[in-house]
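Colleague: A predicted structure for the sequence below; I have some questions about it.
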Amino acid sequence: MSTVPSAVAPDGTASIGYALFETALGWCAIAWTEAGISGVQLPGASQRQTVARLGANGPAGSPDDERVRPVVRAIVGLLAGAGDPDGVLAGAVLDRTGVPAFNQRVYQVTQSIPAGQTLSYGEVADRIGVPGSARAVGRALGDNPYPIVVPCHRVLAADGSMHGFSAPGGLETKRRMLQIEGALPPTLF
């Protein structure tokens with residue numbers, strides 16, 4: 001299947017492709033431009049909702065497109081509990097066009113958090129050199145167009161609690177992802 005202009009990049013320009021792909025949590029979606037990954041969407045209630053939340057329209061491309069195949073495979077593996085042993089997600093090239101500089105710094109630190117580990121919003125703020133900006137870090141992560149690739153689910157409050165996860169399923173999705181990665185114990189029920 002060929003790719004066509006279809007999804008919207010962070011700056012509002014058309015992506016050259018988007019694709020749906022199945023994971024252990026449901027159908028995810030990914031969009032890309034010539035500059036890199038322009039968006040990732042966690043599973044919605046339906047494939048249609050997932051594509052709509054990504055901002056995609058028109059015919060889909062293929063998750064086997066050479067520009068996104070390694071990232072798609074890494075996401076599928078990560079959500080199946082296999083981790084990302086080759087570091088594909090940490091090294092994924094992102095289209096940061098239109099993303100504010102502060103957010104880019106937050107995403108760079110967050111993208112480097114390994115599966116099975118977490119940081120607090122304050123720790124991310126410290127690592128980008130802006131101590132005391134934990135709330136601004138939280139806002140930046142709430143705007144994250146690349147969830148999983150920029151693993152915003154690995155950022156927690158200072159006391160280890162979870163707050164404000166905007167993906168479909170909210171905090172339950174965040175909790176489940178952290179459990180799959182081994183950062184939280186599995187629930188017993």
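Modeller: Perfect, thanks for sending it.
Colleague: which residues in this protein form strands?
Modeller: Remark: strands assigned in the chain by DSSP state E are 17-23, 26-33, 36-41, 119-120, 155-156.
Colleague: Now do the last one: everything it contacts.
Modeller: Outside strand 155-156, the residues within contact range by Cβ atoms under 8 Å, 6 or more residues apart in numbering are 110, 113, 118-121, 124, 137-138, 141, 162-163. Yep, even glycine has a C-beta here, placed from its N, CA and C like the rest.
Colleague: Dump the residues you listed to a markdown table, plus distance to R48.
Modeller: Putting those into a markdown table (distance: Cβ to Cβ, whole Å) gives the following:
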| residue | distance to R48 |
| --- | --- |
| T110 | 29 |
| I113 | 31 |
| T118 | 32 |
| L119 | 34 |
| S120 | 36 |
| Y121 | 33 |
| V124 | 34 |
| V137 | 32 |
| G138 | 30 |
| L141 | 26 |
| M162 | 28 |
| H163 | 29 |
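Colleague: can you tell me how far P131 sits from F102?
Modeller: Distance of P131 to F102, computed by Cβ to Cβ, to the nearest Å: 14 Å.
Colleague: what does V76 give?
Modeller: From V76 to F102 the distance is 31 Å (Cβ to Cβ).
Colleague: got the contact list for the residue nearest to V71 when sequence neighbours are not counted?
Modeller: Among residues not flanking V71 along the chain, A92 sits closest, at 5.1 Å (Cβ to Cβ, 6 or more residues apart in numbering). Residues counted as contacts of A92 (Cβ under 8 Å, 6+ apart) are 36-37, 70-71, 74, 111, 149.
Colleague: what about 6 Å?
Modeller: Applying Cβ atoms under 6 Å, 6 or more residues apart in numbering to A92 gives the contacts 37, 71, 149.
Colleague: For those, pick the one with the most neighbours.
Modeller: Sorting those by how many neighbours each has (other Cβ atoms under 10 Å) puts V149 first, at 28 neighbours.
Colleague: Against L78, how distant is that one?
Modeller: Using Cβ to Cβ, V149 is found at 10 Å from L78.
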